[in-house]
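> Need a 3D model of the following:
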Amino acid sequence: MEMMLEIFILIFIFVTGACAGSFLNVLILRIPAGENFVTGRSHCMSCGYTLTWYDMIPVLSWLFYGGKCRKCGAKISFQYPLIELTNAVLWTVTAAVCGPELRTLILLPVISALIVISVIDIRTFEIPFGLNVFIGSCGLAVTILGGRAELLSHLGGFFIISLPLFILFLISGGNAIGGGDVKLMAAVGLVLGTGNTVAAFIIGCFLGVVIHLVRMKVQGTGSRLALGPYLAAGSIIAIWAGNPLVNWYLNLLGL
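Residues are numbered from 1 along each chain as shown. You can find the predicted model right below:
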């Protein structure tokens, strides 16, 4: 019975995550354009048709209409179901790994914000300040929830990577690291705590170097790197497995 309840909860989180993914698509499109993402109705980007609820069922509507607008037949980007499905999967994995805790409910929107940041940074090489503020606000909530026992860890997480990056930003005049990346590591540091923030940064940099070198070789991508998606990926991995990774590394060093 308990297992059935857990499965039901995960299915509910998956469906909810897919629905939230629809809103993430709105943020991805409208934030860089400076458009209102709160009150503006969703519409076809080709003909302007205002979408109904059955046009926006996550993943299923896109599949049912063959990836096209129901009114004008214009092709709808695969990004829409991909973001919806990605958010649903990441929410479900996070819930399964972190368990039924209040902290988990705070981590889920952090995951979503990291997805939005990743796509926008890839397209514009900018990380919206408001999204960093949102993640930082979630980090403040996690810090308060952790109480005095975890206060120093979360405050340390805020500074341990962002402060050296900020110094590098000043020295290089913003050429070596972007200001958005500095703010992102401060925000996620407040969420993750000291050890996990270091793990997130190392994982993110490793992924960035390896994947970007492959892209440069295979796709002919330029040397300019959008670091945000890789820092986001490192942060998500740290949310899932940061403590085991940190403990494994410390044991490896005999500490």
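
> burial of the closest residue to Thr86 other than its chain neighbours, as a residue count?
Using Cβ to Cβ, 6 or more residues apart in numbering and skipping the chain neighbours, the partner closest in space to Thr86 is Ile115 (6.3 Å). Glycine gets a C-beta too; all of them are placed from N, C-alpha and C. Residues contacting Ile115 under the criterion other Cβ atoms under 10 Å number 21.

> Ok, the one 4 residues further on next?
Using other Cβ under 10 Å, the number of residues around Val119 comes to 22.

> part of a helix, is the residue nearest to Thr86?
Yes - remark: Ile115 belongs to a helix, assigned using DSSP: H, G, I helix; E, B strand; the rest coil.

> need the contact list for it.
Applying Cβ atoms under 8 Å, 6 or more residues apart in numbering, one finds that Ile115 lies in contact with Leu24, Ile83, Thr86, Asn87, Leu90, Ala232.

> roughly how far apart are it and Leu85?
11 Å (Cβ to Cβ, to the nearest Å).

> Pro58 too?
8 Å.

> Name the residue in these two with the higher neighbour count.
Using other Cβ under 10 Å as the criterion, Pro58 and Leu85 rank with Pro58 on top: 22 against 17.

> So, low pLDDT: which residues of the stretch 101-250 of the chain?
Counting by pLDDT under 70, the stretch 101-250 of the chain contains low-confidence ranges at 249-250.

> count of residues packed around the closest residue to Ser162 other than its chain neighbours?
Distance criterion Cβ to Cβ, 6+ apart; nearest residue to Ser162, sequence neighbours excluded, is Ala186 at 3.6 Å. Per other Cβ under 10 Å, the neighbour tally for Ala186 reads 23.

> following the helix or strand encompassing Ala186, which helix or strand comes up?
Assigned by DSSP states H and E, Ala186 belongs to helix 179-192. Going down the chain from helix 179-192, the next helix or strand is helix 194-218, by DSSP H and E.

> What residues of that next one count as buried?
194-201, 203-204, 207-208, 212 (16 or more other Cβ atoms under 10 Å).

> Check stretch 116-125 too.
Within stretch 116-125, judged by 16+ other Cβ under 10 Å, the buried ones are Val116, Ile117, Ser118, Val119, Ile120, Asp121.
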